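[1] With the input below, show me the fold.
(one chain, ligands or ions: 2)
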Amino acid sequence: MMIACLPGDGIGPEIMAEALRVLAALDLGIETAIADVGGAAYKAHGHPLPPETLELARTSDAVLFGAVGDPECDNLERHLRPEQAILGLRSALGLFANLRPATMFKGLEDMSALKPEVASAIDLLIVRELNGDVYFGEKAQRVLEDGRRQGYDFMSYAEDEVRRIAHVAFRAAQGRKGKLCSVDKANVLETSQLWRDVVIEVAAEYPDVELSHMYVDNAAMQLVRNPGQFDVVVTGNLFGDILSDQASMCVGSIGLLASAALGERQTASGTFGLYEPIHGSAPDIAGQDKANPMAMILSLAMLLRHSLGLEEAAVRVEKAVSQALADGITGADLGGSAGTTEVGDAVLARL
Ligand code: ATP
Ligand code: MG
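    Ligands and ions are numbered 1, 2, ... in the order given. The predicted model follows:
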């Protein structure tokens with residue numbers, strides 16, 4: 001098995017180094033190969049996503065991705081900017097399912113935007129469709145006959161697009177508490193009505209998963225009122241964009257949140273995917289041993305679970321991280337004083 005490691009810019013290389021130390025300590029016999037991406041790739045090869053990097057990603061079982069974004073590249077033409085690398089990877093690799101877990105770690109309840117007793121129950125996974133919806137429909141501005149300007153965005157989902165994300169979500173629910181909540185706006189939107197119909201069809205293949213439906217406005221409210229009721233939430237691109245950011249604030253630090261983007265290709269023991277922290281390259285703290293590597297380490301855990309089928313190893317990593325947090329090992333992002341390598345050491349010690 002082979003992992004393509006793309007550290008990227010800013011704090012990317014520092015936090016990637018900690019994740020790779022964790023991987024080495026697990027001693028799973030997994031090969032790794034490192035390649036440039038983002039601003040680092042632009043500076044070395046003239047392009048944020050060089051063909052060699054894309055090829056490496058394509059031929060691996062999974063991609064571990066740090067972060068891209070470099071203030072020195074802000075004035076480049078759009079297609080040369082570091083951020084284009086992640087968009088390019090998602091589309092070239094056909095990654096259509098975004099998984100974002102939000103779990104409340106013990107001892108960090110005070111970091112939540114919610115009351116600690118409400119936040120402590122959070123252990124959910126948002127599965128967001130990534131390739132469709134209003135973001136990718138025809139869009140334009142035009143001037144109407146009476147001279148008023150109008151903007152429009154065409155929202156659509158085809159049934160196969162809904163079906164494949166539904167399968168990802170049902171499988172994820174099977175690996176968790178067996179509950180899936182599909183979020184839509186079927187009382188108003190035709191796309192949502194189709195979404196709901198297809199999710200119900202797919203549910204027939206997963207009798208062990210308990211399916212419920214919720215309108216997105218209610219879901220936004222429930223996420224704050226009683227987030228403990230959710231296990232897996234599946235939703236479209238637009239609603240998922242909003243709800244997943246909302247969910248991250250419910251659990252606190254940006255330095256703790258991992259994500260996966262899965263495609264259709266199956267690996268020997270899972271699904272091909274790209275794994276990255278939800279935070280960016282944090283140029284303000286790069287190179288100062290201040291970045292919290294936990295989101296990167298937890299991204300590695302997701303990789304082991306979803307792409308390599310190594311559930312036991314994934315749980316080991318997750319437990320080591322939550323144990324370190326429970327023992328009070330926190331970086332500046334959580335009001336603590338532990339540096340990047342110190343946090344890495346603490347996690348390694350608890351593996
Ligand atoms: P992007 O556009 O790439 O998402 P951004 O401008 O939204 O980037 P981030 O890079 O995510 O921002 O950083 C936002 C803030 O959070 C910064 O002040 C940064 O230092 C801090 N931050 C981000 N990641 C971490 C981390 N792993 N550890 C500590 N602080 C972090
Ligand atoms: Mg951001």
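[2] Tell me, how many residues neighbour the residue of the stretch 151-300 of the chain found nearest ligand 1?
    Per Cβ to the nearest ligand atom, the residue of the stretch 151-300 of the chain with the smallest distance to ligand 1 is G280, at 2.1 Å. Any C-beta I mention is one placed from the backbone N, CA and C, and that applies to glycine too. If you count neighbours by other Cβ atoms under 10 Å, G280 ends up with 17.
[3] Where does it sit, in terms of helix or strand?
    Applying DSSP states H and E as the criterion places G280 outside every helix and strand.
[4] can you list the weak-confidence ranges in the stretch 151-300 of the chain?
    Per-residue confidence of the stretch 151-300 of the chain (counting by pLDDT under 70) places no residue in a weak region.
[5] who in this protein is up against ligand 1?
    In this structure, the chain approaches ligand 1 at residues 11, 69, 254-255, 279-282, 284-285, 291-292, 295, 331, 333, judged by Cβ under 6 Å from any ligand atom.
[6] Hmm, the residue of the stretch 151-300 of the chain closest to ligand 1 is touching G69, no?
    Yes. Taking contact to mean Cβ atoms under 8 Å, the distance of 5.1 Å between G280 and G69 places them in contact.
[7] hey, what's in contact with both of these two?
    Taking Cβ atoms under 8 Å, 6 or more residues apart in numbering as the contact rule, the neighbours common to G280 and G69 are G10.
[8] Next up, the contacts around A286.
    The contact partners of A286, taken as Cβ under 8 Å, 6+ apart, are D9, G10, I11, E14.
[9] rerun at 10 Å
    A286 sits next to D9, G10, I11, G12, P13, E14, A67, D70 when contact means Cβ atoms under 10 Å, 6 or more residues apart in numbering.
[10] Is the third one in contact with K290, as I believe?
    Yes. Proximity of I11 to K290 meets the contact threshold set by Cβ atoms under 10 Å, at 8.1 Å.
[11] more crowded one of the two?
    Comparing I11 with K290 by neighbour count (other Cβ under 10 Å), the higher total belongs to I11, at 30 against 19.
[12] before we move on, what SS does G336 have?
    Per DSSP: H, G, I helix; E, B strand; the rest coil, the local secondary structure of G336 is coil.
[13] close enough to count as contact, it and V343?
    Yes. G336 lies in contact with V343 (Cβ under 10 Å); the separation is 8.9 Å.
[14] Neighbour count for those two, which is higher?
    Neighbour comparison, G336 and V343: the larger count goes to V343, with 27 against 15 (by other Cβ under 10 Å).
[15] looking at this, the more buried one is in a helix?
    Yes. When the secondary structure is assigned by three-state DSSP, V343 falls within a helix.
[16] That one: what's it in contact with?
    Counting by Cβ under 10 Å, 6+ apart, V343 makes contact with 15, 18, 255, 289, 291-294, 297, 321, 324-325, 329-331, 334, 336.
[17] which of those residues are buried?
    Buried positions within those, assessed by neighbour count (16 or more other Cβ atoms under 10 Å), are 15, 18, 255, 291-294, 297, 321, 324-325, 329-331, 334.
[18] Let's see which of these end up in helices.
    The members of the buried ones among the contacts of V343 that map onto helices under DSSP state H are I15, E18, M294, I297, V321, A324, L325.
[19] what sits against the first one?
    When contacts are counted by Cβ under 10 Å, 6+ apart, I15 touches 7-8, 66-67, 255, 277, 279, 281-282, 291-297, 299, 340, 343-344.
[20] How much space separates it from D36?
    Plainly put, I15 is 16 Å away from D36 if you go by Cβ to Cβ, to the nearest Å.
[21] Contact partners for R100?
    Contacts here follow Cβ under 10 Å, 6+ apart; on that basis R100 touches 124-128, 233, 240, 243-245, 247-248, 257-261, 278, 302.
[22] would you list the ones in helices among the buried ones among the contacts of V343 in JSON lines and tack on distance to L180?
    Formatted as JSON lines, the entries for these read as follows, by distance: Cβ to Cβ, whole Å:
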{"residue": "I15", "distance to L180": "31"}
{"residue": "E18", "distance to L180": "33"}
{"residue": "M294", "distance to L180": "27"}
{"residue": "I297", "distance to L180": "27"}
{"residue": "V321", "distance to L180": "26"}
{"residue": "A324", "distance to L180": "31"}
{"residue": "L325", "distance to L180": "28"}
